[in-house]
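Enquirer: Test case, fold it:
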Amino acid sequence: MSSVDKFIRGLDEVDEALDFSLRPPLGTPTSVIAGLHRSTAVGVLVLLEEFLRDRAAEWSHFLTSARINPSQLPGGAVSYQDRMVEALPGAYRRTAVVNRSILAQGFSKTVASLAGNSLESHEILFDWSGSNIDAADVESILKLVGIGKAWDQMTVFWKILDRTAPNQSARNLLNEVTSSRHRAAHALNPALAQTTLLALSRNARLTAILIDALVSTALVKLARGDVPGNAISNSIRIRRIERDSSRWSEYGPKATRAFRRHPDLQTALTEAAGRAKARDEFVVAVDGGEIKDWRSLI
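Expert: Sure, this is the predicted structure:
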């Protein structure tokens, strides 16, 4: 199962539990309902962080395979050394004791490679410094791959993907997920509003899509010797899949006429992703205006 499929399945399961808590059978104790609300808020952030760690391993593998000279990295080798030192304490705390020697060995190998001719990447480059990811960590991760003004770029791409996106920063998507998690984990009576709970899954999904799209696209550009730059959002070519009654229609970048109509979403994603990979396109699947799934360049 791909990291995207695993993430989406997890969100679907959380949504099912939330749906039960909002329409509980008669006589369900309020403590059970409150517990489900807490687990929803905590669980959504856990799923987002697990997804980003899974993708970090895949991004890191791609970077190593690209055999990039550290001197050609955004900010040079020093910026990558600084990023690893910044993320190491958090990664060390989250790593099981029996696996910490493996973490240390991989860390040392990557640091040594930064003085050579080919980067030996490590997923710690895309990790976060605290107990949970926050907006500053996302800025650091995108800066690492040559993208400045991270949240501005993510907001631009959000509005390109979602024509109904509200006039707000994409930073709010992550902030709502993290603040809800912290209230649920630490407040005696977090009093999470129903509207907040219902939006958590969507906000986490959008955050994951935006980070994945920009980082993956930037890494592909770096592997080719290009500079991602601060206008990367406008350069991403999008292949859209939209639900059309019982079928899923596939549209090439900027096309208004369907290239093909598929019998189900999985078939549409598989076939569209194959075409997109050869053309450096990002695939997004939409159902009734809601973004459901995606496939990035990596």
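
Enquirer: Would you agree R83 is in contact with E139?
Expert: No - counting by C-beta atoms under 8 Å, R83 sits too far from E139 to count as a contact (11.5 Å). (Each C-beta comes from the backbone N, C-alpha and C, glycine too.)

Enquirer: Which residue of those two possesses the greater neighbour count?
Expert: Neighbours were counted for R83 and for E139 using other C-beta atoms under 10 Å; R83 has more, 20 against 17.

Enquirer: Tell me who's in contact with the more buried one.
Expert: Residues counted as contacts of R83 (C-beta atoms under 8 Å, 6 or more residues apart in numbering) are L125, S140, L144.

Enquirer: got it, and R93?
Expert: R93 sits next to S131 when contact means C-beta under 8 Å, 6+ apart.

Enquirer: Pull out the buried positions in the helix or strand hosting it.
Expert: According to DSSP states H and E, R93 maps onto helix 76-94. Within helix 76-94, the residues that count as buried by 16 or more other C-beta atoms under 10 Å are A77, S79, Y80, Q81, R83, M84, E86, A87, L88, G90, A91.

Enquirer: farthest pair in those?
Expert: Farthest apart among the buried residues of helix 76-94 by C-beta to C-beta are A77 and G90. That separation is 21.7 Å.

Enquirer: Let me know the helix or strand that T195 is in.
Expert: Short version, using DSSP H and E: T195 is in helix 194-223.

Enquirer: ah, wrong one, I meant S118
Expert: Using DSSP H and E, no helix or strand contains S118.

Enquirer: returning to what we had before: how far does the helix holding T195 sit from its chain's centre?
Expert: From the chain centre to the centre of helix 194-223 is a distance of 4 Å (C-alpha atoms, centre = their mean, to the nearest Å).

Enquirer: So which elements touch it?
Expert: Packing partners of helix 194-223 (3 or more C-beta pairs under 8 Å, 6 or more residues apart in numbering; DSSP states H and E): helix 3-22, helix 30-66, helix 135-144, helix 150-161, helix 171-186, strand 281-287, strand 290-295.

Enquirer: Of all those, which one is nearest A223?
Expert: helix 30-66 (3.7 Å).

Enquirer: tell me which residues in that closest one are buried?
Expert: Within helix 30-66, the residues that qualify as buried are 34, 36-45, 47-49, 51-56, 58-60, 62-64, 66, counting by 16+ other C-beta under 10 Å.

Enquirer: Centre of the chain to that helix, how far?
Expert: From the chain centre to the centre of helix 30-66 is a distance of 9 Å (C-alpha atoms, centre = their mean).

Enquirer: and it with helix 171-186, angle?
Expert: 130 degrees (axes from the mean of the first three to the mean of the last three C-alpha atoms, to 10 degrees).

Enquirer: Domains in the protein, by residue range?
Expert: Domains of the chain are assigned by automatic domain parsing as 3-228, 236-298.

Enquirer: Turn those into TSV, including mean pLDDT.
Expert: Listed next are these as TSV, based on pLDDT from 0 to 100:
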stretch	mean pLDDT
domain 3-228	92
domain 236-298	94
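
Enquirer: Tell me the buried residues in stretch 193-209?
Expert: Applying 16+ other C-beta under 10 Å to stretch 193-209 flags 196-197, 199-209 as buried.

Enquirer: before we move on, what about stretch 246-261?
Expert: For stretch 246-261, the neighbour count (16+ other C-beta under 10 Å) marks R247, W248, S249, E250, Y251, G252, A258, R260 as buried.

Enquirer: mind listing what the residue nearest to L63 when sequence neighbours are not counted touches?
Expert: Spatial nearest neighbour of L63, chain neighbours left out: S121 (3.8 Å); criterion: C-beta to C-beta, 6 or more residues apart in numbering. By C-beta under 8 Å, 6+ apart, S121 lies in contact with W59, S60, H61, L63, T64, T110.

Enquirer: What is the nearest of those to L269?
Expert: W59 (20.4 Å).
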